[in-house]
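In: Got a predicted structure here, sequence first:
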Amino acid sequence: MSGDNIIDGKAFAAEVRARVKAQVDRLVAEHGLKPGLAVVLVGEDPASQVYVRNKAKQTVECGMRSDEIRLEATATQEEVLAVVDRLNADPGIHGILVQLPLPDQIDESAVLDRIDPDKDVDGFHVVNTGRLQIGLPALTPCTPRGCMMLLHDRLGDLSGKHAVVVGRSNIVGKPMAMLLLHANCTVTIAHSRTKDLPGLCRQADIVIAAVGRPKFVQGDWIKEGAAVIDVGINRIPKEDGKTRLVGDVDFEAAVGHAGLITPVPGGVGPMTIACLLANTVTAACMAAGIPEPQVTA
Ligand SMILES: Nc1nc(=O)c2c([nH]1)NC[C@@H]1CN(c3ccc(C(=O)N[C@@H](CCC(=O)O)C(=O)O)cc3)C=[N+]21
């Protein structure tokens, strides 16, 4: 993987985190404000645990406070809501993330909507969803925000481009479509009932793959020179019994057509975490009523 059409999300995310750290340093020095992020993990899913550990490490590296609250997989709805209530009331915590998916006995949207919208660094609360929709300032979902940063960095102005978003989830597809629309793209949201998905994708200047199916988007669906953003994180078995990560795009087949493409791993994933940290700084500044420090480089 050395083509200059391949986006290095890992390197770009490191730059974003360096900017976040510079912002945090100034908040601490000038306002005595140390942003705090709390992550709530219910159950023992190993993939979730790795992700939670990475987040905690990067939060601390950026100079922020990192809290981790772990509950048993058998936790009740009331127990989870009580944790959220406690974090809502904690003035040292500016961002709250409840790791999804939650166990079946828990009502996911009830938990997400219990989070104080001003601490909702995932941007999943109905209030932030609504604010994003009508173009008010909002905490925006981290993965779509990361994708937009990559696209703007490499393509600049996106006006008039046709973006096809494959997938309509509340956490990626829908907010992604909204951000692209705000950036003046012509947006098509495709999903499992879409007719002639290959033909539709071939019309796209930008393809966002967010379906959660390994190598679903084929190489010959990609118009020559199009930008391909792969949001998929699928763990599939290898011959040796271990697992490896693949995206929602058949990378090897698509890389020859795409003008730009994100790999998995090392593409969108690291950007998601970087944007979570950036959202935590935004939330801390909002809570303290101070403008976000502008840092250069
Ligand atoms: N409330 C909530 N918010 C989330 O944002 C959220 C969530 N729940 N539940 C789980 C998913 C998954 N997710 C990932 C983010 C980054 C990587 C990431 O950095 N991946 C690395 C590789 C990691 C590896 O090698 O295992 C990469 O793509 O390069 C992965 C997965 C956020 N999620």
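Out: Looks like it came in fine.

In: switch to C-alpha atoms for all contacts and neighbour counts from now on
Out: Will do.

In: Is the ligand within reach of stretch 173-192?
Out: No: residues of stretch 173-192 contacting the ligand under CA under 6 Å from any ligand atom: none, with a closest distance of 13.0 Å.

In: which residues touch that stretch?
Out: By CA atoms under 8 Å, 6 or more residues apart in numbering, the surrounding residues in contact with stretch 173-192 are 129, 132-133, 135, 140-141, 144-145, 148, 157-168, 197, 210.

In: Quick one, which of those residues are buried?
Out: Buried members of these, counted by 16 or more other CA atoms under 10 Å: 129, 132-133, 140-141, 144-145, 148, 158, 161-168, 197, 210.

In: Show me which residues of the stretch 101-250 of the chain are close to the ligand?
Out: So the stretch 101-250 of the chain meets the ligand at Asp122 (CA under 6 Å from any ligand atom).

In: all strands of the stretch 101-250 of the chain, in order?
Out: 162-166, 186-190, 206-209, 227-230, 234-237, 243-246 (DSSP state E, counting those that start in this stretch).

In: Average pLDDT for the last one, rounded please.
Out: Read that as strand 243-246. Strand 243-246 carries an average pLDDT of 94.

In: what's Thr18 in contact with, if anything?
Out: That one is not Thr; residue 18 is Ala. Shown in contact with Ala18 (CA under 8 Å, 6+ apart): Cys62.

In: Kindly report the same for Gly167.
Out: The contact partners of Gly167, by CA under 8 Å, 6+ apart, come to Gly173, Ile189, Ala190, His191, Ser192, Ala209, Ala210, Val211.

In: So which of those residues sits lowest on pLDDT?
Out: Ser192 (93).

In: now the helices for the stretch 151-297 of the chain?
Out: For the stretch 151-297 of the chain, applying DSSP state H, counting those that start in this stretch gives helices covering 173-182, 197-201, 251-254, 268-288.

In: how about those in CSV, adding distance to His94?
Out: Compiled in CSV, the helices of the stretch 151-297 of the chain are given as follows (distance: least, CA to CA, whole Å):
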stretch, distance to His94
helix 173-182, 22
helix 197-201, 40
helix 251-254, 38
helix 268-288, 5
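
In: which one of the ones you listed is the most hemmed in?
Out: helix 268-288 (a mean of 24; mean count of other CA atoms under 10 Å).

In: neighbouring contacts of stretch 280-297?
Out: With CA under 8 Å, 6+ apart, stretch 280-297 has contacts from 19-20, 22-24, 26-27, 33, 35-37, 94-95, 118-119, 121, 139.

In: Let's see which of those residues end up in strands.
Out: If you go by DSSP state E, these have Gly36, Leu37, Gly95 in strands.

In: Just put the strands of the stretch 101-250 of the chain in TSV and tack on distance to Gln58.
Out: Output for the strands of the stretch 101-250 of the chain, formatted as TSV (distance: least, CA to CA, whole Å):
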stretch	distance to Gln58
strand 162-166	29
strand 186-190	33
strand 206-209	26
strand 227-230	23
strand 234-237	22
strand 243-246	21
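
In: Those: which one's closest to Ile7?
Out: Smallest distance to Ile7 across the strands of the stretch 101-250 of the chain (CA to CA): 9.2 Å, for strand 227-230.

In: which residues are contacting the closest one?
Out: 147, 205-210, 222, 247-249, 258-264, 267-268.

In: redo that, cut-off 7 Å
Out: Applying CA atoms under 7 Å, 6 or more residues apart in numbering, the contact partners of strand 227-230 are 205-210, 247-249, 258-262, 268.

In: Fine by me, thanks again.
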